[in-house]
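Undergrad: give me coordinates for this.
(2 chains)
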Amino acid sequence: MSPAHTVLEVRDIVKTYGGVRALGGVSLSLEAGEVHCLAGENGSGKSTLIKIISGVERPDSGTITIDGETHTHTTPTGAIRAGIQVIYQDFSLFPNLTAAENIAMLSELADRRKLSSRRRIRAAAERIVADLGLNIDLDADVEHLSVADRQLIAICRALVGEARVLIMDEPTTALTHSEVKRLFTIVRRLQDRGVAVVFVSHKLDEVLQISQRVTVLRNGEVVESGLASEYTGRAIAKAMTGRDVSEERLVDELPDGREPLMVVEGLGRKGAFADVSFTLRPGEILGITGLLGSGRSEIAEAIFGVAPADTGTVTIGGRTRRIRSIKDAVRAGIGYVPEDRLTQGLFLEKSIADNMVAASLDSYRNKAFLLDGKRIARSMADLFRRLRIKAPNVQAPVRSLSGGNAQRVVIAKWLDRKPNILMLNGPTVGVDIGSKEEIFAILREQAANGMGIIVISDDIPELVSSCHRVLIVRAGHVVAEVVGDDIDVDGIQERMTA
Amino acid sequence: MDILRRLRGANNEGVLAAVIIVVAIAMALASPAFFTPSTFFGLVRSSLVPLIFALGVLLVMISGGIDVSFPAIAIFAAYTTVQWSSQASFDPTLVGIFAIAIVIGALWGLVNGVVIARFRLPTLIVTLGTQGIIKGILLTYIGSAYISAAKLPPSISDAGDAHLVDIPGAGYLHGMLIPVVIVVVAVWWMLKHTTFGRSIFAIGGDIEAARRVGIKVVRTQILLYVLVGALAAFGGVISVILGKNANPQSLVGTELDIIAAVVLGGASIFGGRGSVFGTVLGVVLVQLINNNLVLIGIPSTWQRAAVGALLIIGVSIQALAALRDRRKPVLLEEEVSRA
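TA: Residues are numbered from 1 along each chain as shown, chains lettered A, B, ... in the order given. Alright, predicted model coming up:
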């Protein structure tokens, strides 16, 4: 590596929002060609720090030094011009424009071009894509590309303007195992070019794999900072949460002989998956895993009637159910927490209580066909407490919640319907480690009360810690079923990709 | 498939062109009077003003908004200019009249733009409000009297009689076609080949992402509404020229037809999509129906119903196309979240 050269340094950054201290004197320095991991739970101040570095927010006090020049704050364009680029979690791409235009837009603006030339844009995009050794359809509209490709486009866009600091906010959440590997290859290439990469993540194994230095934030303060080689995943998790976190198996064997809750036989949908059979017993947590596009989500969708199966049967409580629509599934006692909870499962502007009650209004109707406000308030207060949602009260809008808390609201919404079977697709995507544990603790508790739970996820460690059984899906077929102590991270990963 | 896709066009322009041809053939079969120069000239003439307005609506729609104040701006700018000119008995020439009206229109556009961009308010509500204010000011302070052909400035009356092609007994092609075509081409070029034009698409695609890549969203939006105000004023003056009168009560109320034409032309009401070519086709289709239903024996009272039906069909085609695109395998994962 080239001799260390500090490209960016922030010192004693303080930021308060209406009396709440988001950052209480944070310092961080970045050297050329290093990958620096910024870890912390939601609400620890990571995002605020990124916003201050990228000029979106102004700090109350503290300094930002870029290339030896010290400033009290930066502006978005100032930061971009200084070579500081942020890849946001949502990528901030334009779905209606082509990949090439998305990539070149930033440099076109930075160069203050008045006229737009398709040829120049195309050439700039091609150059960067070739530079990174990627294969992307530059003429396709971004909305037609996969999540992984969108991320690559966001990276290309950041680099086309000669970035020297690249901040990636939770870059691996939407990616599968092999896509993460590809991302890491690219990050290493950037490193060789002398780019300082800030990797914001909560997947600790990945962090330790890729970064040289680690800084952990908790409650707006740096609690740990040092060489990545000196930390274990567990030590970082402990620094983030302030308590010990384990990834051991947390569920016991289910007693034999209980009537199955749901029996799925020979389920299939043309072009998506075929011949899927399994049983779900009361109290069981069943994991379904596989790569992106393996059919893992489609199976859940079929059972929930979003895209009904065309062959096979689903038997619930001894009765064979025809599930042709979501309504059929809900009637059969199935609940589903979709993957993209922010656009799908929630009314963002509405209060926590309104969201939680949304799926079960019918059950709160009194004799006069009016809603029973008192009963609603009571069960909402109960759910709010049981799921430990961190908010001032049930009237707070869902938009104000962090990812982990928003996910709890979605789960609460389905729990209020009292389903017999609850399916969750990627329940911990974008959720920090502390919340993740609590979400699974809630699921285990529900299972202990007799609910059957299906978790679709590619976060293998969480499946290992909480599932009684894991189905591995590859190319639309269940290729393996692992039970009990045979469930381990390496074995599953191997079978997913084999 | 690839050829089919290309023919269909990015915003279903191909489908629209096919519909226009089918409608034209049906009309020709129903009435021998359809395929004549006079039908064609009539179609061109009646499309001129809606086309200019439609361009303004298109620009706003691509940026993710909806503008309903343009007819009010158009008649305000045109009437104010013509009335001042006729009262002062001073004819500033055709170019002068266009220039004054465009400045007035641009100023009203500035009002729209500042309110929308600065305070981030919903465009429909803001322009609904300014539409009322503009019309109120026009009728209260400027004038409510009809200005007849005799009182129009001579340069306007002359322009009204300027014909490009004149076929005795079969009508004429109006001279205003030339400036309108120039404006159409200019807007097309701006959308396609300027950073400003691409920024409008970007803002309509994702306004937050636009802020993050460094597009000056406020400035771009204000400039956009100024431009749209200027376009409206331009269309207003042309409508006075073609109609040979200036009526302060006219134009307001036509906005829905124009918006319908633009949506038919493939522009997305959610922003980010739309093309000048599609808009031209949309306007032509609506005018074709409006002008010629009578010719094939359908009472003119059915015009509105026909335009309404077309609008719904057009939007349905868009929705279906969007659905088909979503079925691509790469998006299997996302389908869950969108379903």
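Undergrad: so how far is residue B:34 from residue B:168?
TA: 20 Å (Cβ to Cβ, to the nearest Å). In this view, the C-beta of every residue, glycine as well, is placed from N, C-alpha and C.
Undergrad: which one's more surrounded, the two?
TA: Set side by side, residue B:168 and residue B:34 show more neighbours around residue B:34, with 18 against 6, by other Cβ atoms under 10 Å in any protein chain shown.
Undergrad: where do the strands of the stretch 101-250 of chain B begin and end?
TA: Assigned by DSSP state E, counting those that start in this stretch, the stretch 101-250 of chain B shows strands spanning B:163-167, B:171-174.
Undergrad: and the ones you listed: which comes nearest chain A?
TA: Taking Cβ to the nearest Cβ, strand B:163-167 is the member of the strands of the stretch 101-250 of chain B nearest to chain A, at 31.8 Å.
Undergrad: elements contacting that closest one?
TA: strand B:171-174 (3 or more Cβ pairs under 8 Å, 6 or more residues apart in numbering or on different chains; DSSP states H and E).
Undergrad: what pairs with the strand it packs on, parallel or antiparallel?
TA: strand B:163-167 (antiparallel) (DSSP bridges).
Undergrad: contacts for the partner strand?
TA: B:37, B:41, B:172, B:173, B:174, B:175, B:177, B:178 (Cβ atoms under 8 Å, 6 or more residues apart in numbering or on different chains).
Undergrad: rerun that using 10 Å as the cut-off
TA: B:36-38, B:41, B:44, B:171-178 (Cβ atoms under 10 Å, 6 or more residues apart in numbering or on different chains).
Undergrad: show the buried residues in those residues.
TA: Applying 16 or more other Cβ atoms under 10 Å in any protein chain shown to these, the neighbour count classes B:41, B:44, B:171, B:172, B:173, B:174, B:175, B:176, B:177 as buried.
Undergrad: helix or strand for residue A:154, just tell me which one.
TA: helix A:147-160 (DSSP states H and E).
Undergrad: and that helix, does that touch chain B?
TA: Yes. Counting by Cβ under 10 Å from any Cβ of the partner chain, chain B is contacted by helix A:147-160 at A:147, A:148, A:149, A:154, A:157, A:158.
Undergrad: name the helices or strands packed onto that helix?
TA: The contact analysis (3 or more Cβ pairs under 10 Å, 6 or more residues apart in numbering or on different chains; DSSP states H and E) places helix A:147-160 against strand A:84-87, helix A:99-110, helix A:118-131, strand A:165-169, helix A:177-192.
Undergrad: compute the inter-axis angle for it and helix A:118-131.
TA: Angle between the axes of helix A:147-160 and helix A:118-131 is 110 degrees (criterion: axes from the mean of the first three to the mean of the last three Cα atoms, to 10 degrees).
Undergrad: export the helices and strands packed on helix A:147-160 to TSV and tack on mean neighbour count and mean pLDDT?
TA: Listed next are these as TSV, based on neighbours: other Cβ atoms under 10 Å in any protein chain shown; pLDDT from 0 to 100:
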stretch	mean neighbour count	mean pLDDT
strand A:84-87	25	89
helix A:99-110	25	88
helix A:118-131	16	89
strand A:165-169	23	90
helix A:177-192	16	84
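Undergrad: residue B:121 is nearest to which of these?
TA: helix A:99-110 (25.4 Å; Cβ to Cβ).
Undergrad: angle of that closest one against helix A:118-131?
TA: Using the same axes, to 10 degrees: helix A:99-110 against helix A:118-131 is 110 degrees.
Undergrad: how far away from the center of its chain is helix A:99-110?
TA: Distance of helix A:99-110 from the chain centroid (Cα atoms, centre = their mean, to the nearest Å) equals 27 Å.
Undergrad: just checking, what packs against it?
TA: For helix A:99-110, the packing partners by 3+ Cβ pairs under 10 Å, 6+ apart are helix A:76-81, helix A:118-131, helix A:147-160, helix B:195-205, helix B:207-212.
Undergrad: would JSON lines of the strands of the stretch 101-250 of chain B with mean pLDDT be doable?
TA: Converted to JSON lines, these look like this (pLDDT from 0 to 100):
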{"stretch": "strand B:163-167", "mean pLDDT": "83"}
{"stretch": "strand B:171-174", "mean pLDDT": "84"}
